[in-house]
Structures are given as C-alpha cells and as structure tokens.
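A.B. asks: mind folding the following:
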Amino acid sequence: MELLCVEGIPRVPRAERDPQLLGDRRVLQNLLSQEERYSPHASYFHCVQKEIKPHMRKMLAFWMLEVCEEQKCEEEVFPLAMNYVDRYLSSVPMRKSHLQLLGAVCMLLASKLRETMPLTVEKLCIYTDNSITPQQLLDWEVLVLGKLKWDLVSVIANDFLAHILHHLPLPKDKMELVKKHAQTFIALCATDYTFAIYPPSMIATGSIGAAMHGLTVSVNDFTGEAITELLASITGTEVPCCSSALPCASRKRASFLLCSPPLCKDCLKGCQEQIEAALAESLKQVSQSQQEYRATKTAAYSASQPTSTPTDVTDINL
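C.D. replies: Numbers count the residues shown, from 1 in each chain. A predicted model of the protein is given here:
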C-alpha cells in the first residue's frame, strides 16, 4: 500500500482573468450597480438580533478565517461566507448557540460557489469539535438557502480587485504583491463589523490604497493624495452626488455609488485610514498574545526546574 502525502500538492489551477472583460467598463459598472443589493443592514444588531452581539460575530469570523486558511481555501471564500452570515443575521433573529452552526453552513455554501473542490460536511463538523452533526449542517443549509432566497452570487470586495488593478499601470510583480496584500486587508475587514457601512467597492479600493501605501508602491510618479484620487476615479461614476452640503460619509450607503471622484476621494481616504488602523490594532493584539505566551512558557519552565543543584551550570563558561 502506498502512502500519499497531500501537503505538497498544489491548488487546482484556475483560469486567468479575461483582459477583454477587465478592460470593458460596463462589467465594472454592473458590479457597482449590483453591490448594494447584497449588502447587509448595518444596524441588524439593534433591530433584529437580541442575543447576538458584535464581539460574538468577531469570534465567529476569526474561527471561520482560521478554518479557511487551514484548508487553503480560495481568497474569496471567507469574505463571501461572512456576507452570507451578515445577510442571514440581517433578516432572522437567532440564538447564540446556533452561531457556529451558521458559520459552518455559510463556509460550506461559499466554498461550493468559489472552490473547485469545496469543503466537505464531515470536515466542517470536525472543526466544530463534533458539536454539530452532518444532518444538522445539511438541514441548516436548506434553511439558510431559503432565507437568502437562493441568491448566492453576492458581489464582494474581491470581485473588484482585478478590475481596479487592471486600470493601474503597475509592473506585473508589483501588481501581484499589491493584490495579495489587498486580499489580506479585505479578509481583515470581513472580521470587523464596523466595515459594514462601506460598500464592497470602497473596501476593495481602500485595501488597494492601504497595500500600496504600506509597500510604498508608486504609479507613474503618483504618490499619496494623487494615488487616492486615481483610485477614486476608477470606481467613481459620472453622476454627481447631489446638491446636498453634507459630506458623503454622512449620507446613506447608496450614495457611495453616486459620488463623483472628488467626493469619493474623501470617503476612500477615510476607509483606507480605518483599514490601516484595523491592521495596526490586529498586529498589536498578535504581539500581546505572543508576549503572554512567552511569559507563560518561561514561568512554566522556571517552575519545573529543581530547587537546588550540586553545581550552578549557568556559571560554567564553556
């Protein structure tokens, strides 16, 4: 019997993006016109949910992200699964004891839509420490599909990345690097409920801006504010906002789709700064966790040492 190690097997290859579709402005406009349809209600914690709180959603999101990373899912699976979670919570009140079950179902649906080889029911049950059964997962799959009206082709931030990057005159190696960092920022945004006020196009554009800023990538001598204006012009429409004196950020979410580039720039800048702040906070939490782990490990090691030894080996100079 031969043993097969699957750790070194590469992902199933995916088709390259069609440059004709990326260069056609109508495709991007269709995405912009459809994104609001799949956006959850930003206030569902106050209007719909009584038991579910924002910190519970964040814990669920980090668990789902860990599962997707461990299973090497495509980058779109986790943000799409979180979109399903938010859309479901926007319409159906539920108990907190069912939250992990909902997350597992949403990962199953998202992987079926965006993966060549989707996650299996059995594997998802194992990730819940078998707290749910395969039959429960299958029953809830039908339930969630019904509540989402079987409309699963949600427009998410990842769908805009290729279109925005196509309009940026970046070298291929820099483009791939910016794309990878932007995908990380998008996943970070999906874990934080506060980013629900932004449409996916704004999160995608802000993530690219944050990635370029962090990597100090310039576009044809464009830097800082000039790059922000360039990014805003790519997703901005020709329809002006309106005659209102209020800034874009204080209006309804739908107005993001109607902003002209000068007004979009302010919204985009605010979104990018919020993404960078979220990254800094996440890195800070990781650093604190590592320090606590080292302190615990050191204390445990010291406690395991004998109280006295014939020779203090630390004084021996080899």
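
A.B. asks: from the chain's centroid, how far away is the helix or strand containing Phe185?
C.D. replies: Using DSSP states H and E, Phe185 falls within helix 172-191. Distance, stretch centre to chain centre, for helix 172-191: 10 Å (Cα atoms, centre = their mean, to the nearest Å).

A.B. asks: I'd like the numbering to begin with 44 instead of 1 from here.
C.D. replies: Yes, from this point I'll number from 44; that puts the last item at helix 215-234.

A.B. asks: restrict whatever helix or strand comes next after that helix to CA atoms and write it as CSV.
C.D. replies: Going down the chain from helix 215-234, the next helix or strand is helix 243-258, by DSSP H and E. Output in CSV follows, covering the C-alpha atoms of helix 243-258 (Å, rounded to 0.1, in the frame of the first residue of the first chain):
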residue,chain,number,x,y,z
PRO,A,243,-17.6,46.3,-1.3
SER,A,244,-16.1,48.6,-4.0
MET,A,245,-15.0,51.1,-1.3
ILE,A,246,-13.4,48.3,0.8
ALA,A,247,-11.6,46.9,-2.3
THR,A,248,-10.3,50.4,-3.3
GLY,A,249,-9.3,51.2,0.2
SER,A,250,-7.5,47.9,0.6
ILE,A,251,-5.5,48.5,-2.6
GLY,A,252,-4.7,52.0,-1.4
ALA,A,253,-3.6,50.7,2.0
ALA,A,254,-1.5,48.0,0.3
MET,A,255,0.3,50.5,-2.0
HIS,A,256,0.9,52.8,1.0
GLY,A,257,2.3,50.1,3.1
LEU,A,258,4.5,48.8,0.3
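
A.B. asks: how about helix 243-258: buried residues?
C.D. replies: Within helix 243-258, the residues that count as buried by 16 or more other Cβ atoms under 10 Å are 243-256. Backbone N, C-alpha and C define where each C-beta goes, glycine included.

A.B. asks: with stretch 77-94 instead?
C.D. replies: Using 16+ other Cβ under 10 Å as the test for burial, stretch 77-94 gives Glu78, Glu79, Tyr81, Ser82, Pro83, His84, Ala85, Tyr87, Phe88, Val91, Gln92.

A.B. asks: who touches it?
C.D. replies: Residues from elsewhere that reach stretch 77-94 (Cβ atoms under 8 Å, 6 or more residues apart in numbering): 95-97, 126, 129-130, 132-139, 194, 197-199, 236, 239-240, 242-244, 296-297, 300.

A.B. asks: can you flag the buried ones in those residues?
C.D. replies: Among these, those classed as buried by 16+ other Cβ under 10 Å are 95, 126, 129-130, 132-133, 137, 197-199, 236, 239, 242-244, 296, 300.

A.B. asks: just the ones of those residues in strands?
C.D. replies: Members of these lying in strands (criterion: DSSP state E): none.

A.B. asks: burial check on Gln178, number of neighbours?
C.D. replies: Neighbour count for Gln178, taken as other Cβ atoms under 10 Å: 10.

A.B. asks: next: His210.
C.D. replies: 16.

A.B. asks: which ones are touching it?
C.D. replies: Listed by Cβ under 8 Å, 6+ apart, the contact partners of His210 are Ile277.

A.B. asks: show the pLDDT at it.
C.D. replies: We have a pLDDT of 84 for His210.

A.B. asks: next one: the one 4 residues further on
C.D. replies: Model confidence at Pro214, given as pLDDT, is 79.

A.B. asks: next: Pro122.
C.D. replies: 95.

A.B. asks: contacts only, for it.
C.D. replies: Contacts of Pro122 by Cβ under 8 Å, 6+ apart are Ile199, Ala200, Asn201, Ile229, Ala230, Ala233.
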